[in-house]
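J.: what's the 3D shape of this:
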Amino acid sequence: MKLAQVVVDKASPAYDKPYDYLLPDSIPARAGCRVLVPFGAGSRSRIAMVLEIREGEAPARAKAVAALLDPEPLLSEEGLWLLRLLHDTTFCGWFDAVRALVVPGAGMKLELGITPVRGLDPEALALLPPDARRLYEILCARRGAVLEQRALAAAGLSADAPALAELLERGFAKREQLVRKRIVDERAVMARLLEGYGEHPHTEKQQKIVELLEQVGCASVRELCYFTGVTRAVVDRMRKSGMVELYEELTPRRASPRTAGPTDTGPICLSPSQQAAFDLLSKVGRSPKAEVSLLHGVTGSGKTQVFLRLIEETLSRGRAALVLIPEISLTPQTVSKFSARFGSLVAVLHSSLSMTERFDEWQRIRGGAARIVVGTRSAVMAPLENIGLIVIDEEQEHTYHSESAPRYHARDIAKHRAVRHRAHLLLCSATPSIESYYYALSGKYHLACLPERYSGNLLPEVLTVDMKTAPLAAGSQTLSEELCEQLRETFERREQAILLLNRRGYHTLVKCSSCGEVYRCPNCSIPLTYHAANRRMICHYCGHSVPADAPCPSCKSAMLRQTGVGTQRVEEELHALFPDARVLRMDMDTTMSRFAHERGFGAFSRGEYDLMIGTQMVAKGLDFPNVTLVGVLAADQSLYAEDFRGYERTFSLITQVVGRCGRGDKPGRAVIQTFDPENRILTLAAAQDYRAFYQEEIGYRRVGLYPPFCDIACVVFSSVEEAEAVRAARDYASRFVELAREQYSGLPLRLLGPAECSPYRVAGRYRCRLLVKCRGDRSTRSLFAGLFEWYYAQRFAAALTLDFYYDSNV
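T.: As a prediction, the model looks like this:
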């Protein structure tokens, strides 16, 4: 028998595994196609992905595949390999992995439709109630099945109206399972002449169509009607008489305006240090096996020009390139550079595109029309063939780690794909992750350095302001006199400035003056943030909000006091201090709409604003030649995070934002405001001394046993009941110790916890976690696989959510 091994959508974790189905000869399914299968005791229809087709003996009580949903495989051989890789390394659900590999526009959903039973006795129809008869007539007027809600709405009936049940009970209609695409391809109906068309008699109107098609060969029906003045009925009659053939042709929607060909075709001029880095990386890229390199250069050193040259060389060898960037905010500048150089060979993938745009770009990549893919984290899954180069810009950024299932790190997937394609993986950053730099120094990675800026300019001069003693500017709660004076001089020189404050909102804390209670989110363990734009207090985790004049939830007092400063408050102060300055705020509140990043950064680049205040999205990768001043507000706020990477992230953020100034032909200056000016991390960031920071940090990592000296696996249990989350974490920990001693005694393992996550409660669910310091190899994954199998067999598991992820080193 021919069997299809499939995984099924919406299967509970305990039943989420491959199943064998009989594959009838009438269904030409292939591996990578989606099919419709009966599943479970009730044989309910489910969408499934075919992993493998093989010959074999049919298992007992095997069911058969019901229908084929994809005429061509949706996932290639590499796509199926990535599917298994995601499932086996992140322990996600099978269809969580499918959804990571396929853009939302290619998704399908099952819905119930109603089909009328035609040809019934008119006398029987006359006996139906008026509502049921009207509904039946509407169903008969449509082609095929009609969605229940649409049919009822067309008849003017509510969802609980008895008319539909009346039709179903009497056999006038039947329910039918419908498989609907989430996005319907935008297609044009085309026409072309058939052989022997001249032998058919034709009218004057038809003659006009014949003459036009003889000239152009083929045209859309819309164009035929427009240029000849005929109606669609004329074309349909010609099709029936055998004069023309009608067919469909996909009409792509472009994700962003791009030129058909490159507009910047001149040679890329490299400095001596850039040329040396390029020569080294070019030699590595020609290796017959997979290689990993780190391009480490100070901010403004011209790393982009180096990997643009590498991409040109990769394309000349007939291979493709994949470029990952950490933030959507970087997309406009990055895409404009690539499009100017490579034109329509560039495809873009990121979450700010509409569903249709992402689907069209994904199809262009899969069809081979695009040979360069630029995008954020999810672009690492792009169906690109024959990859020769993978570039990860700002490789240290935490945004490359997925925060929802599957919880993968883009750097890990990129490494696996590089090995499969024998490609060159290039990591780029001015502040690389500690792990990457460790491997580069130890010889596991190739290291290329750019020690000076491309333009020859010096790094910005950095001034640290002690906010414990420095006077504040008049009328400001945040800006020092020194920073305001620097801003004033910058505006007088008609230059631009950037201010970084990694807190959005107006006030960051709301407190009752009567009882001292902090106004917290009822669903999360965090305070609410006041937003002046809508005069509401908002939770930045679950989105819960209350009016600003809401009484204290504890004592009902209306005496609420707001403290702390966010980007909205600083923007207001800047307008008051510099009324003539044009101020742009860039944070999540101002960039929610489509193309907001393009509009904001584009306007700032054109000089339409003098000052930009924003969160970390203004700190990385942006290039504005007229920016000569950068201010960092509350620089030390992230130093004391409950994370071993807190120092690394603080150093990286400050180094990156300081590097935004002085990138043109004008010297730059940075002002760092802090309450801890002697802090070693801030001192090293001000000096842009990554090597010294690395030497200190790697010592801490070695003593504390943190990456790169181990992997860290995190298992999070969440439940609406606090006791259930705690109990599940404790039971899992006990089983972990038992299984590790019995079967994996040789593995190096350290179990930490259970402990509360930070924040402990999010969206009404309490969260407990276990940390395991381990070596992330096949044996360790086998241990976790056994633990998850045990866990999902427990009765209490149904009421909890379990998340797993590696904080791995590559």
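
J.: and the strands in the stretch 101-250 of the chain?
T.: 108-116, 146-147, 173-181, 187-193, 218-220, 244-250 (DSSP state E, counting those that start in this stretch).

J.: tell me the secondary structure of the residue nearest to residue 327 when sequence neighbours are not counted, please.
T.: Nearest residue to residue 327 in three dimensions, chain neighbours excluded: residue 617, at 5.7 Å (C-beta to C-beta, 6 or more residues apart in numbering). (Glycine included, C-beta is placed from N, CA and C.) With DSSP: H, G, I helix; E, B strand; the rest coil as the basis, residue 617 sits in helix.

J.: also residue 609?
T.: Assignment for residue 609 (three-state DSSP): coil.

J.: once you drop chain neighbours, what's closest to it?
T.: Nearest residue to residue 609 in three dimensions, chain neighbours excluded: residue 584, at 4.1 Å (C-beta to C-beta, 6+ apart).

J.: pretty sure the residue nearest to residue 327 contacts residue 587?
T.: Yes: here residue 617 reaches residue 587: they are 7.2 Å apart, a contact under C-beta atoms under 8 Å.

J.: now the helices for the stretch 1-150 of the chain?
T.: Counting by DSSP state H, counting those that start in this stretch, one finds helices in the stretch 1-150 of the chain at the ranges 77-90, 94-101, 122-126, 130-141, 148-154.

J.: deepest-packed of the ones you listed, please.
T.: helix 94-101 (a mean of 22; mean count of other C-beta atoms under 10 Å).

J.: could you give the mean pLDDT of that helix?
T.: The average pLDDT for helix 94-101 rounds to 94.

J.: any stretches of the stretch 551-700 of the chain with poor pLDDT?
T.: For the stretch 551-700 of the chain, applying pLDDT under 70 flags the ranges 594.

J.: quick one: the strands in it?
T.: Taking DSSP E, counting those that start in this stretch, the strands of the stretch 551-700 of the chain run over residues 560-563, 583-586, 611-614, 627-632, 669-674.

J.: looking at those strands, which is closest to residue 226?
T.: Ranking these by their distance to residue 226 (criterion: C-beta to C-beta) puts strand 583-586 first, at 44.4 Å.

J.: want to try JSON lines for the strands of the stretch 101-250 of the chain, with distance to residue 296 and mean pLDDT as columns?
T.: Shown next, in JSON lines, are those (distance: least, C-beta to C-beta, whole Å; pLDDT from 0 to 100):
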{"stretch": "strand 108-116", "distance to residue 296": "45", "mean pLDDT": "81"}
{"stretch": "strand 146-147", "distance to residue 296": "56", "mean pLDDT": "84"}
{"stretch": "strand 173-181", "distance to residue 296": "46", "mean pLDDT": "78"}
{"stretch": "strand 187-193", "distance to residue 296": "48", "mean pLDDT": "84"}
{"stretch": "strand 218-220", "distance to residue 296": "53", "mean pLDDT": "88"}
{"stretch": "strand 244-250", "distance to residue 296": "44", "mean pLDDT": "82"}
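
J.: any chance of those strands in CSV, plus mean neighbour count and distance to residue 264?
T.: Output for those, formatted as CSV (neighbours: other C-beta atoms under 10 Å; distance: least, C-beta to C-beta, whole Å):
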stretch, mean neighbour count, distance to residue 264
strand 108-116, 16, 41
strand 146-147, 18, 50
strand 173-181, 15, 38
strand 187-193, 16, 33
strand 218-220, 17, 34
strand 244-250, 13, 30
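
J.: before we move on, back to that, of the strands of the stretch 551-700 of the chain, which is nearest residue 193?
T.: In terms of C-beta to C-beta, the element of the strands of the stretch 551-700 of the chain nearest to residue 193 is strand 583-586, at 55.9 Å.

J.: how far off centre is that closest one?
T.: Here the centre of strand 583-586 is set off from its chain's centre by 24 Å, with C-alpha atoms, centre = their mean, to the nearest Å.
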